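In: okay, sequence plus prediction incoming.
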Amino acid sequence: MVVYLCSSNKEKLKELSLAAEGSGLEVLSLPQLREIPPPEETGSTFEENASEKALYYSQFTSEIVVADDSGLEVDALNGAPGVFSARFAGPDAHDHENNALLLERMRKEEKRKARFVCMVVAAQAGKRLFTARGEVEGEILRASQGLNGFGYDPLFFYPPFGRSFAELTSDEKLGVSHRGKAMAALLQSLKRYARN
């Protein structure tokens, strides 16, 4: 069974494909994704944004589509950057710009608790089928550590492993990450759906 991921982020596709290995499901990028104008993300929550994207892209194929919205919530910043994680430093911001702004905002903060959150939504033909949520708790570092991953991974310290997300292997990260947890839950729902 093929499901189409509605994201141009190659790192997300890699992570979600890895999560689907051995499940009997194949996660591919929506074929005509580059030609489809992206929808506006107007939701105030990760679930609202993921649902908007999944329902929108489900118009362009008869297959099941999966969309996610994910980001970083920092307690000292009242949950920011939250749904604005990818554009924290501006609409066309790169990872290093978002990370620099986060470090600046956190410079004087002693309490550094944070979490990654991911909502994934599966839809088909304009109908929402399933949702799943994943979270992982950690702390914001005072400087980048590690070269793996993407986004805020170099600043997200995961205490059980004593390393940042950017210092983990792909398999280590997938086993504990917000996206890995959300996708594992969604895959269970999709497998049951495929059997019926």
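Out: Yes, it's here.
In: longest strand in the protein, by residue count?
Out: Longest strand in the chain by number of residues (criterion: DSSP state E): strand 127-140.
In: show me what that strand is packed up against.
Out: Here strand 127-140 touches helix 46-57, strand 113-124, strand 156-158, helix 178-195, going by 3 or more C-beta pairs under 8 Å, 6 or more residues apart in numbering; DSSP states H and E. Every residue, glycine included, has its C-beta placed from N, CA and C.
In: using the three-state scheme, assign the residue nearest to the spatial centre of the chain.
Out: For the chain, the residue nearest the mean C-alpha position is Ser70 (3.8 Å; C-alpha atoms, centre = their mean). Classification of Ser70 using DSSP: H, G, I helix; E, B strand; the rest coil returns strand.
In: residues in contact with it?
Out: Contacts for Ser70 (C-beta atoms under 8 Å, 6 or more residues apart in numbering) come out as 46, 85, 116-119, 178-179, 182.
In: over to Pro159?
Out: 138-139 are the contacts of Pro159 under C-beta under 8 Å, 6+ apart.
In: CA-only coordinates of the worst-scoring helix or strand of the chain on mean pLDDT, as CSV, when you get a sec.
Out: Every helix and strand of the chain was ranked by mean pLDDT, DSSP states H and E. The lowest is helix 10-20, at a mean of 79. Output in CSV follows, covering the C-alpha atoms of helix 10-20 (Å, rounded to 0.1, in the frame of the first residue of the first chain):
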residue,chain,number,x,y,z
LYS,A,10,13.5,15.7,2.2
GLU,A,11,14.6,15.1,5.8
LYS,A,12,11.0,14.5,6.9
LEU,A,13,10.4,12.2,4.0
LYS,A,14,13.5,10.2,5.0
GLU,A,15,12.4,9.9,8.6
LEU,A,16,8.8,8.9,7.7
SER,A,17,10.0,6.4,5.1
LEU,A,18,12.3,4.9,7.7
ALA,A,19,9.4,4.7,10.2
ALA,A,20,7.4,2.8,7.6
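In: much appreciated, bye for now.
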